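1. Structure of the sequence below:
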Amino acid sequence: MTNYLEFEKPLAEIEGKAEELRALARNNEEMDVEGEAQALDAKADKLLKELYEGLTPWRKCQVARHPERPHCRDYINALFTEYTPLAGDRNFADDHAVMGGLGRIGDIPVVVMGQEKGHDTKTRIERNFGMARPEGYRKAIRLMDLADRFGLPIVALVDTPGAYPGKGAEERGQSEAIARSTERCLNVKSPVVSVIIGEGGSGGAVALATANSVMMLEHSVYSVISPEGCASILWKDSEKMREAAEALRLTAQDLKQLGVIDNIISEPMGGAQRGRDETIAAVGSAIEAELKELLKRQDGDALLKERREKFLKMGSKGLAA
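-> Numbers count the residues shown, from 1 in each chain. Predicted coordinates:
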């Protein structure tokens, strides 16, 4: 891993020293430093466990935004066979921040879609950092229409800071597109499973996450606004993002307790970025299990009613004092 978060700096120093010792040994075969390197490894493992067992909400935000976490494209490539991408909203353009198409997970044919942030400078710009414009949400609606027409389950992978707030997006009806996408999620008669794999930001996330089963990775976040945005509004100071993160109750653990999400998918120690393959496999297993459970109920009207009632009940549960 090449990117360390701010709170991981002590860990970076220890792991860096261990790597320096091994590099010296590679250049000088007479040096025997493996014992010292292993002692540093053990110290790093202990520190990593301490850091990740006590993550604050703000630190979880940092982990959820880590550039080396697996993104939507990584999950689709690894989990979905016979994937056929579909492009465009049949109205204005193809928004690369939203990707999706037809595929199979296991032996289940599905429509899969999600926000893609990109993995380097070029692709991040191309994908607009995962911030969809109206045509992205209209593409999602088109995919959901297709799934409904052919009775295919829908899998949504959510990872966005929020919908794109630019002038052009507003002119083309950003809020209306988000509302229509959310409405389509509620009205589709196919089973819908959504997983928040990184950031679940505001209406931009809800537009794809209004599902029969909503799951979150252990260190992902899901909130009505970013901590920085919340702090700017409430305290007129974006540096108060730590206090805002606490107040927003945006962690998977709090949201499970509040009844906003249904399940939490565990991440490897140190976050998904330290165990990409393990994380992707865990997400795939969780999606398959949820789909098989939902597909036992063949009545589309019942699935629709269950989904609507679930979202109408939100807010009825509270956190213990």
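2. CA atoms for contacts and neighbours, from now on please.
-> Fine.
3. Can you identify each of the helices in the stretch 101-250 of the chain by residue range?
-> 121-126, 134-150, 167-171, 174-187, 202-209, 227-234, 241-248 (DSSP state H, counting those that start in this stretch).
4. mind putting these in JSON lines, mean pLDDT and mean neighbour count included?
-> Conversion of those to JSON lines gives the following (pLDDT from 0 to 100; neighbours: other CA atoms under 10 Å):
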{"stretch": "helix 121-126", "mean pLDDT": "94", "mean neighbour count": "14"}
{"stretch": "helix 134-150", "mean pLDDT": "96", "mean neighbour count": "23"}
{"stretch": "helix 167-171", "mean pLDDT": "94", "mean neighbour count": "13"}
{"stretch": "helix 174-187", "mean pLDDT": "95", "mean neighbour count": "21"}
{"stretch": "helix 202-209", "mean pLDDT": "92", "mean neighbour count": "25"}
{"stretch": "helix 227-234", "mean pLDDT": "91", "mean neighbour count": "17"}
{"stretch": "helix 241-248", "mean pLDDT": "93", "mean neighbour count": "18"}
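5. Any stretches of this protein with poor pLDDT?
-> Within the chain, the ranges that satisfy pLDDT under 70 run 1, 29-31, 298, 318-321.
6. Among the helices of the stretch 101-250 of the chain, which comes closest to A42?
-> helix 241-248 (30.5 Å; CA to CA).
7. What is that closest one packed up against?
-> Other helices and strands packing on helix 241-248, by 3 or more CA pairs under 8 Å, 6 or more residues apart in numbering; DSSP states H and E, are helix 57-64, helix 227-234.
8. Please enumerate residues in contact with stretch 145-158?
-> Outside stretch 145-158, the residues within contact range by CA atoms under 8 Å, 6 or more residues apart in numbering are 72, 109-115, 144, 188-200, 205, 208-209, 287, 291.
9. and with 7 Å instead?
-> The contact list for stretch 145-158 (CA atoms under 7 Å, 6 or more residues apart in numbering) reads 72, 109-115, 188-197, 200, 205, 208-209.
10. Looking at those, which are in strands?
-> 109-115, 192-197, 200 (DSSP state E).
11. Could you pick out the buried ones from these?
-> By neighbour count, with 16 or more other CA atoms under 10 Å, the ones in strands among the contacts of stretch 145-158 hold 109-115, 192-197, 200 as buried.
12. Correct me if wrong: D262 contacts S213.
-> Yes - counting by CA atoms under 7 Å, D262 touches S213, with 6.1 Å between them.
13. Closest one of the ones in strands among the contacts of stretch 145-158 to I76?
-> So of the ones in strands among the contacts of stretch 145-158, ranked by how close each gets to I76 (CA to CA), first place is V112, at 7.9 Å.
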